[in-house]
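Student: Provide a 3D model corresponding to the input given below.
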Amino acid sequence: MTGNKTLDDYGAEFEARLLERVLRHCDGDRERAAQMLGVTSYTLHQKLARYGLKNNKIK
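Tutor: Now for the predicted structure:
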């Protein structure tokens, strides 16, 4: 581990990478990605916004 990162920082990085991987696996289909992740499409949308992720960046 480096720097002054907290457990929350590492958790956020992990979540952002997971969202990217699942969206790539689902070819950018947010509904399918949300189902795979076990969250609503609204929750997925909020998480994508939180991390500054957009489908056109992920495909």
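Student: what number of residues lie near residue 10?
Tutor: The burial metric for residue 10, expressed as a neighbour count using other CB atoms under 10 Å, is 11. From N, CA and C alone the C-beta is placed, and that goes for glycine too.
Student: and the next helix or strand past the helix or strand containing it?
Tutor: Remark: residue 10 resides in helix 7-25, with elements defined by DSSP states H and E. Moving toward the C-terminus from helix 7-25, the next helix or strand (DSSP H and E) is helix 30-37.
Student: and that following helix with helix 7-25, angle?
Tutor: Between helix 30-37 and helix 7-25, the angle comes out at 120 degrees (axes from the mean of the first three to the mean of the last three CA atoms, to 10 degrees).
Student: so for helix 30-37, what gets flagged as buried?
Tutor: By neighbour count, and taking 16 or more other CB atoms under 10 Å as the criterion, the buried residues in helix 30-37 are 33, 34, 37.
Student: same for that helix, what does it pack against?
Tutor: helix 7-25, helix 41-50 (3 or more CB pairs under 8 Å, 6 or more residues apart in numbering; DSSP states H and E).
Student: give me the residue at the spatial middle of the protein.
Tutor: Centre of the chain computed as the mean C-alpha position; nearest residue by CA atoms, centre = their mean is residue 19, 2.4 Å away.
Student: alright, calling it a day.
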